[in-house]
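For reference, the sequence and a predicted model appear below.
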Amino acid sequence: MGQSKSILAFGVGLALSGCVTTSQGNLIRADIKKVQDAVKELEKGTHDQKLKFEALVAAANTHIGKLQKLIKESTDFLAKNNAAFGAEMDTVKQTIGKMTGRIEEISFGFEQWKKDYGEFKAALEKKVGNIAQGLPTEVPDTPEGLLAEAAKRFKASEYVTARKLWEIFLSKHDKHEKAALTQYWIGQSFFEEGNYKRAVEEFDKVRKQWPQSDVLPATLFNMTLAFHALGEKDLAVAAANELIKAYPENELAKKAKKRLKEFKKGIKKATWRRSLSYRHF
């Protein structure tokens, strides 16, 4: 078992490199451009409306200030000798007070609108950012939500999106009871894409970080298949032997023995390239 592990570790180090491209890149960029253009138009209209509103409020406040000053001067001069005029000025003051209150009310409403718009804009920018990263517009906040959305995307063959959601999950919940299983599914997503080098790399992380996990037999089994798909005979055998020796009674160990016999006979069945669907979340 020790020799198999050393061969396997060496092979993982040699075989692992690769990148993922997505055919949806141009569509995503086009969608982002449309959203950004819409935001710009909305911001332009909002800015023009804000300037007009502020100008009207400023002009009204200026006139009210001048009128209040005139009233004060006139009242001081005439109110002493003309009670009727003083009463009239009281009425004017009440009218001005109502006007001032209305302006304040409108100003408060505008400030509230600006706040609501700011929140809307922030939410929109977050959605655009998610789209740019290949994520859903709404990314769940809870561990359960992330896993459910990732599983949904995986079943729909949206492997890149599923992977990103699993990576977010691991970055926030690396001690979660499903962390090892999540890492396994990251490897599985690369396997489904036919990127066997990256699949081996991600499966190997399960092997190293969670050596006691119950997902390890499935991990070693799929590493065997991935190495076989890469044409790495010795590494496929090493992974299979590690599984057989570590878990001799496991059903997957029995399957691995069968695969080894087929491999030694030179049989290259399609089943060798078929990954194991371990279990969903």
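Arrived safely.

How about the secondary structure of residue 141?
Local secondary structure at residue 141 is given as coil here, using DSSP: H, G, I helix; E, B strand; the rest coil.

could you measure it against residue 182, distance?
When distance is defined by CB to CB, to the nearest Å, residue 141 is 17 Å away from residue 182. For glycine as for every other residue, the C-beta is placed from the backbone atoms N, C-alpha and C.

Show me which of these two is the more surrounded one.
Relative neighbour count places residue 182 above the other of residue 141 and residue 182, with 23 against 8, counting by other CB atoms under 10 Å.

After the one helix or strand that one maps to, which helix or strand is next?
Using DSSP states H and E, residue 182 sits in helix 179-193. Beyond helix 179-193 in the direction of the C-terminus, DSSP H and E gives the next helix or strand as helix 196-209.

Alpha carbons of that following helix, as CSV, please.
What follows is helix 196-209 as a C-alpha-only set of coordinates in CSV (Å, rounded to 0.1, in the frame of the first residue of the first chain):
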residue,chain,number,x,y,z
TYR,A,196,-9.1,14.1,-16.3
LYS,A,197,-6.0,15.9,-15.2
ARG,A,198,-7.9,18.4,-13.1
ALA,A,199,-10.3,15.6,-11.9
VAL,A,200,-7.3,13.7,-10.5
GLU,A,201,-6.0,16.9,-8.9
GLU,A,202,-9.3,17.6,-7.1
PHE,A,203,-9.9,14.0,-6.1
ASP,A,204,-6.4,13.9,-4.6
LYS,A,205,-7.3,16.8,-2.3
VAL,A,206,-10.0,14.6,-0.8
ARG,A,207,-7.4,11.8,-0.4
LYS,A,208,-5.0,14.1,1.4
GLN,A,209,-7.2,16.4,3.4
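
so what does it touch, helix or strand wise?
Judged by 3 or more CB pairs under 8 Å, 6 or more residues apart in numbering; DSSP states H and E, the packing partners of helix 196-209 are helix 2-15, helix 179-193, helix 216-229.

the helices in the protein, which residues?
In order along the chain, the chain carries the following helices (DSSP state H): 2-15, 25-78, 83-132, 143-155, 159-172, 179-193, 196-209, 216-229, 233-246, 251-264.

Pick the most deeply packed of those.
Between the helices of the chain, the one whose residues have the most neighbours on average, counting mean count of other CB atoms under 10 Å, is helix 216-229 (a mean of 25).

model confidence over it, on average?
The average pLDDT within helix 216-229 is 94.

what does stretch 159-172 give?
The predicted model gives stretch 159-172 an average pLDDT of 95.

what's the spacing between residue 38 and residue 44?
In this structure, residue 38 and residue 44 are 11 Å apart, going by CB to CB.

Domains in this structure, by residue range?
Taking automatic domain parsing as the domain assignment, the ranges for the chain are 2-21+137-273, 25-132.

Where among these is average confidence lowest?
The stretch with the lowest mean pLDDT among these is domain 25-132, at a mean of 69.

ok so, going back, show residues contacting the helix holding residue 182.
For helix 179-193, the surrounding residues in contact (CB atoms under 8 Å, 6 or more residues apart in numbering) are 20, 147, 150, 154, 157, 159, 162-163, 166-167, 169-170, 173, 176, 196, 198-203, 205-206, 209-210, 213, 215-216, 218-219, 222, 225-226, 275, 278-279, 281.

Cool, thanks, signing off.
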